[in-house]
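1. sequence unknown, structure follows:
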């Protein structure tokens, strides 16, 4: 019985939480003027299915591909550089690691919109603007690295130190113990944090907008700005576009969530 | 050389290399923009002189000018409210949901996965959707509230200065819940089950178990989530741009958006940088508190 | 595409006639806030096609970022050749010395004659007596009204309001909260659009941006306040862009709206009623007519390597001014342009008349700051944080030192 009460509570909270998402889909189906009507319609009487048209007209395939390339790149860089640092920062407590942790937090303070002008100037000097997707990837990785390190660090803290010590006694090197014992035990945290930064990088906007000038290399979120003009704001278009953008990711996650999210409940030590 | 490799394989050299890689990466890609902002905050900057460091030095004058602007204190107050309420509710609701989905009931993990939707939506879209929901005349929120009899008449969420800041905060809480919920779930899952079972046998109530065991065991995660939450909230930008643009009359304006407005709308780049530097100062405080708090955290 | 054609053309020419090779092919970078299918794209592509040795690369930049991107590009040596800048921003860019002085080119031009431009557009591109920008077109504001609602409320649809008092009375008569209908919609949003909509009210009352604390300006702001206080316009007027305000009119939730000619295509398809256009009401009988002047100016960056070809593009856009109304949803900036068979002839007549009274914003190199001060005054008054007089005096204090710079 208790399980079903909990289920009911969970269903209600999901329903409330996802309402804005539902509203996005509904708005995508409304006509331009219907958006302004009161009382609002919860399901449009004449839904407009513009998905195909928006997808093709706005070359979304190329945009989405670029977003994917950048998000994969950012996640790879962050995981490679961040995992080890998070581990060491969790294991060792001294003045130097405090300074390092402080530095890591400090360097991510400003919003991208305030970082982008100096980055543009610097990247121009370094010649990185010739490979704009790489430039965005490098800049965005610096943006999410702090988040990754801080979260993963707290995951590593929950891995019992005795297990690592036992592994070292068994003749493993530090590197061996790290890859064979520590990382597998902290994999939930690593996986979930990677997913979070992947998604955030997939939706990166400010850097892509400013550093990428060629349309064929531009990302999906920047493509949204095509609907917004000085005298035209195509709200339905924006919603249709976002629906196309979000739905596949959502489906992938609903399908994969067994692996991604359900791993959480298993507990690190089982 | 062999000594180096030995410390790398066996001792502290290994840790030092791992940490230095990350710090070096951040220094290369994030330190320059930071320093650049600090320098500009002391100079008189024209929009077409952004690459030229040889600009007139005006010292603290920019700071005095910014602080003396009539809107300055309103925006400081708004920023404090924005950060505080966002963090409290994101954390509270996120923790509540994490605990809920920790329980054993049908489809729990599936339903939890759906919460990621908020994290996937681009900021611009979140702003736009909420703008339609909050709209005074034709917004669905007013419709629902009227229908349920909670309010009569229309609330102008975005254009009434009494509500605009809170409307932005509500949307920001919505946006931050998945982040908090998922990360706290990870932390909860790492707490060994047998401790709970032992406590249950000892007759501890759920309430007692939460405060005497769950909270202390979650200390590291909570510290990380809160300090990152403050930083992420201070970076929230797209949402404000999409919802109110800080208006009406700055009633929902916050530091990061003001800084952007000054730098990129009225091209007062120095003044924009001054605010950026002040935000850096706030984060220094947050980072110090966080680092301090980690010195006595226990490994499980 | 046309690059290949140009190369082919050159090849064929040299092959067939043995004539010396044509001039080096030229590539122009053109930045605009417009999208595919709008004027900048259509005309630049035509210009590209007409000249085998010229290729135009068009890049869309959104309005909010145009000047920032331009600044960055200029500072790093990547500036485009031609840019369409919003006309109130033209003076700011001109004053920074980054634009090409067009006077020498205009002197030799057989196409562009500055005297043929309407005074508003010409002023907006002029800085310290020199011309730096040529308006690609112009637009202005007028009053749209729902004639069906006029009839339903016993008003004469052939007699739209001519003065503020009539506007107020009609808005009051048309206002119908039970049916979610406001008397009037306009935009008081805290962006350039808010200033754009406000200035005509200030100007008909005898003031302007450089005398923003004078009585006329105060009366204008008090009039706006009255409309909002009596809920004759939605409180959300404070956060709605012109496009969204007009959206509520199209949906039948406002009986009148102040907006420009760019709305006509959407209104045609969305508004299910008899909509008409009237001149903007003046303060009282005999007050001067006033209206805002919108649209963008094409400018050439000083750093261009191809001033002739870039200027050729400006000439081409100028020469096609008679297509602006029917094809691009804007007015012409050229007095001599003739529209043979205008769409929406009644609206065309009104906007053409209205354009005669349109004044350029500024020109002033500090326009964004001036505009911001005005927006702040509007918003703090309409939300009752201060009264109109105090708010505008504060704005005046900010604006005054900016006028002389």
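-> Cool, the structure landed. Note that this is a predicted model, so its numbers are computed, not measured.

2. Dihedrals phi and psi, residue C:329?
-> The phi and psi torsions at residue C:329 (degrees, to the nearest 10) take the values phi 70, psi 30.

3. Chain C contacts on the stretch 101-250 of chain B?
-> The stretch 101-250 of chain B comes close to chain C at residues B:135-138, B:156, B:158-161, B:244-250, as judged by Cβ under 8 Å from any Cβ of the partner chain. Backbone N, C-alpha and C define where each C-beta goes, glycine included.

4. at 7 Å what do you get?
-> Within the stretch 101-250 of chain B, the residues that sit near chain C (Cβ under 7 Å from any Cβ of the partner chain) are B:135-137, B:156, B:158-161, B:244-245, B:247-249.

5. which of these sit farthest apart?
-> Maximum pairwise distance among those (Cβ to Cβ): 20.1 Å, between B:137 and B:249.

6. Residue A:70 against residue A:204, yeah?
-> Yes - here residue A:70 reaches residue A:204: they are 6.5 Å apart, a contact under Cβ atoms under 7 Å.

7. and for those two, which residues touch both?
-> The contact sets of residue A:70 and residue A:204 overlap at A:136, A:140, A:219 (Cβ atoms under 7 Å, 6 or more residues apart in numbering or on different chains).

8. Give the next helix or strand downstream of the host helix or strand of the second one.
-> To tie it back to what came earlier, the one meant is residue A:140. Secondary structure from DSSP states H and E places residue A:140 in helix A:132-157. Per DSSP H and E, helix A:132-157 leads on to helix A:161-169 as the next helix or strand towards the C-terminus.

9. For that next one, the averaged confidence score.
-> Mean pLDDT, computed over helix A:161-169, is 81.

10. Show me how far stretch C:287-300 is from its chain's centre.
-> Chain-centre distance of stretch C:287-300: 6 Å, with Cα atoms, centre = their mean, to the nearest Å.

11. Tell me, how many residues neighbour residue A:221?
-> 24 (other Cβ atoms under 10 Å in any protein chain shown).

12. which stretches of chain C have low pLDDT?
-> Applying pLDDT under 70 to chain C picks out residues C:1-23, C:405.

13. What parts of it come near chain B?
-> So chain C meets chain B at C:68, C:71-72, C:74-76, C:96, C:98, C:180, C:190-191, C:234-236, C:238-239, C:248, C:253, C:368-369, C:372, C:376, C:379-380, C:383, C:385 (Cβ under 7 Å from any Cβ).

14. right, is the helix holding residue A:140 up against chain B?
-> Yes - interface with chain B: helix A:132-157 contributes A:138, A:139, A:142, A:145, A:147, A:149, A:150, A:151, A:153, A:154, A:155, A:157 (Cβ under 7 Å from any Cβ).

15. so who does the third one touch?
-> What that stands for is residue A:142. B:25, B:26, B:29, B:30.

16. can you rerun that using 8 Å?
-> Residues in contact with residue A:142 (Cβ atoms under 8 Å, 6 or more residues apart in numbering or on different chains) are A:107, A:108, B:25, B:26, B:28, B:29, B:30.

17. Pretty sure the third one sits in a helix.
-> Okay, so that is residue B:25. Yes - remark: residue B:25 belongs to a helix, assigned using DSSP: H, G, I helix; E, B strand; the rest coil.

18. quick one: it and residue A:107, what's the gap?
-> When Cβ to Cβ, to the nearest Å is the yardstick, residue B:25 and residue A:107 sit 10 Å from each other.

19. which of those two has more neighbours?
-> Just comparing residue B:25 and residue A:107: by other Cβ under 10 Å the higher neighbour count belongs to residue A:107, 23 against 20.

20. burial of the nearest residue to that one once chain neighbours are set aside, as a residue count?
-> Using Cβ to Cβ, 6 or more residues apart in numbering or on different chains and skipping the chain neighbours, the partner closest in space to residue A:107 is residue B:30 (4.1 Å). By other Cβ under 10 Å, 24 other residues sit near residue B:30.

21. Go ahead and confirm residue B:30 touches residue A:103.
-> No - under the contact definition of Cβ atoms under 8 Å, residue B:30 does not touch residue A:103, with a separation of 9.7 Å.

22. any idea how chain A splits into domains?
-> A:19-49+A:228-264, A:66-215 (automatic domain parsing).

23. Now do the same contact list for the closest residue to chain C within chain A.
-> The minimum distance from chain A to chain C, using Cβ to the nearest Cβ, falls at residue A:36 (3.8 Å). Residues near residue A:36 by Cβ under 8 Å, 6+ apart: B:137, B:138, C:244, C:247, C:248, C:250, C:251, C:253.

24. so after the one helix or strand the third one maps to, what's the next helix or strand?
-> What it means is residue C:244. Residue C:244 is part of helix C:242-250 when elements are defined by DSSP H and E. Once the chain leaves helix C:242-250, the next helix or strand it forms, by DSSP H and E, is strand C:256-259.

25. What ranges does the stretch 151-300 of chain B have for its helices?
-> Secondary structure of the stretch 151-300 of chain B (DSSP state H, counting those that start in this stretch): helices located at B:164-189, B:193-201, B:206-209, B:215-217, B:219-235, B:238-243, B:255-264, B:269-295.

26. now those helices as CSV including distance to chain A?
-> Below are these laid out as CSV (distance: least, Cβ to the nearest Cβ, whole Å):
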stretch, distance to chain A
helix B:164-189, 5
helix B:193-201, 6
helix B:206-209, 12
helix B:215-217, 8
helix B:219-235, 4
helix B:238-243, 7
helix B:255-264, 5
helix B:269-295, 4
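
27. Is it possible to get TSV of these that adds distance to residue C:41 and mean neighbour count?
-> Formatted as TSV, the helices of the stretch 151-300 of chain B follow (distance: least, Cβ to Cβ, whole Å; neighbours: other Cβ atoms under 10 Å in any protein chain shown):
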stretch	distance to residue C:41	mean neighbour count
helix B:164-189	35	24
helix B:193-201	63	12
helix B:206-209	65	12
helix B:215-217	60	14
helix B:219-235	35	22
helix B:238-243	26	22
helix B:255-264	26	24
helix B:269-295	32	20
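
28. which stretch in these is the model least sure about?
-> Across the helices of the stretch 151-300 of chain B, helix B:193-201 has the smallest mean pLDDT, namely a mean of 79.

29. Output the contacting helices and strands for that helix.
-> With contacts taken as 3 or more Cβ pairs under 8 Å, 6 or more residues apart in numbering or on different chains; DSSP states H and E, helix B:193-201 sits against helix B:206-209.

30. which is the next helix or strand following the host helix or strand of residue B:75?
-> According to DSSP H and E, residue B:75 maps onto helix B:72-102. Counting by DSSP H and E, the element after helix B:72-102 in chain order, helix or strand, is helix B:108-114.

31. Briefly note if that next one comes near chain A.
-> Yes - legend: contact between helix B:108-114 and chain A by Cβ under 8 Å from any Cβ is shown at B:108, B:109, B:110, B:111, B:112, B:113, B:114.

32. Enumerate the residues of chain C near chain A.
-> C:33-35, C:59-60, C:62-63, C:65, C:68-69, C:72, C:75-76, C:78, C:86, C:180, C:241-244, C:247-248, C:250-251, C:253, C:260, C:262-263, C:266, C:270-271.

33. From those residues, list the buried ones, please.
-> Among these, those classed as buried by 16 or more other Cβ atoms under 10 Å in any protein chain shown are C:33-35, C:60, C:62-63, C:68-69, C:72, C:75-76, C:86, C:180, C:241-244, C:247-248, C:250-251, C:253, C:260, C:262-263, C:266, C:270-271.
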